[in-house]
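Colleague: Turn this into a structure:
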Amino acid sequence: MLYEKSLSSGYYKLAMLVLQSVKGYNLFICSSNDSGRRLDRVVKKMLPDVPAGLIYSGIRKGLIKVNGKKSKQSYRIEENDTIAVRESISYALENRRDHTDSVASAQLEEITVLRSRNLLMLNKPAGMLTHGEDSLAVLLDRGLTGIGSSLSFKPAPLHRLDRNTSGLIAISVTIKGASRFSELMREHRLKKYYIGICKGGPAKPQKLSDRLIRTGLKTRTAGSSPADETESKRAVTTVETILKKDGLTLCLFRIETGLTHQIRAQSAEAGFPLAGDAKYGGSVKGFRTFILHAFSLSFGEFDEICGFKECTAPLPAKSFNKAVSIFGRTELESAIDRIITIIIS
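Modeller: Next up is the predicted model:
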């Protein structure tokens, strides 16, 4: 059977998704987060352990129906539709149960920056993967509460940050929020600002435009040559010096594209790699790793669906204290105020 999380209690309770068994069929109610999706996609999400071929043949033979009628696999689900699935197909639901983890819930609460009706904005710690084992996605799965029941939708990160990059990451709370955020990203209407400490830095604001390609080395990006330009992707980053001291620079980056290691590779190519980023030539005494923080996401104007105009995430304590030790507390706090002014202007 399927379970949903309770906002008030923080645990999973039995959801009324499986209404009853009628003449050998299990009945499922569709929610707003299923609306607009194809029937076959909803059922595949709903029954992940059932082979796709069995689902498709079940739809063709009428063993999977919508509102009591045989439907095409391309049928677009509407809220409150009832999907009937023959018990012989929905066997995989037996004994299926999820649980919230109170420790995971507390961790999510600690890194939550903003929560709107459709999106959740988190301040991802450095060292945490976005996807995979022991990742942010797993933390969401274990600890996120207050999400309505859905047959096919599950909250997930809408973009990614590298393991050692901290900062803002958007999580879909509803399919409506996921669609809108993705639309704004595709249309380049989402402004992303990062703070980093570089070894050296630009004398004046620069716009870095390169074609980057993944090399044979694991998790490394490099500038492409004319010969491999068809496999490369264009990367555009604007960088500005905010503070400078003893050969180190606090930089503000705005990325117009979002490629793996984009800021790390481009700043290194421009002659000012992130301090402590040994992979890209930024080894600096006193830095065990680099500091790169996704500081702000801005739409330029209030977006009704996303629920905000701009959102910022404070530097993690470890990164903040390291920056204070280099630039001084008063100077750093003034610099952050300046960065906020730049973003909202």
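Colleague: Correct me if wrong: Ala104 contacts Arg142.
Modeller: Yes. With contact defined as CB atoms under 8 Å, Ala104 counts as touching Arg142 (3.9 Å). Where you see a C-beta, it was placed from the backbone N, CA and C, and this is true even at glycine.
Colleague: middle-most residue in the chain, spatially?
Modeller: Nearest residue to the geometric centre of the chain (CA atoms, centre = their mean): Pro157, 2.6 Å.
Colleague: Do a quick rundown of the helices in this structure.
Modeller: With helices called from DSSP state H, the chain shows them at 39-46, 52-60, 102-111, 136-143, 175-186, 262-269, 317-327, 329-344.
Colleague: Tell me the buried residues in the third one?
Modeller: It refers to helix 102-111. Buried residues in helix 102-111, defined by neighbour count with 16 or more other CB atoms under 10 Å: Ala104, Ser105, Gln107, Leu108, Ile111.
Colleague: how much space between the second one and His261?
Modeller: Going back to what we said before, that points to Ser105. Distance of Ser105 to His261, computed by CB to CB, to the nearest Å: 32 Å.
Colleague: just the last one next, same as before
Modeller: Separation of Ile111 from His261 (CB to CB): 23 Å.
Colleague: Distance check, the closest residue to Val103 other than its chain neighbours against His159.
Modeller: Excluding its sequence neighbours, the residue lying closest to Val103 (CB to CB, 6 or more residues apart in numbering) is Gly143, at 7.6 Å. Distance of Gly143 to His159, given as CB to CB: 20 Å.
Colleague: what's the answer for Gly201, then?
Modeller: Counting by CB to CB, the gap from Gly201 to His159 is 26 Å.
Colleague: quick one, which of the two is more surrounded?
Modeller: The residue with more neighbours, out of Gly201 and His159, is Gly201; 24 against 17, by other CB atoms under 10 Å.
Colleague: Can you give me every residue that contacts that one?
Modeller: Thr241, Lys244, Leu248, Thr249, Cys251, Phe272 (CB atoms under 8 Å, 6 or more residues apart in numbering).
Colleague: let's see it at 7 Å
Modeller: Thr241, Lys244, Thr249, Cys251, Phe272 (CB atoms under 7 Å, 6 or more residues apart in numbering).
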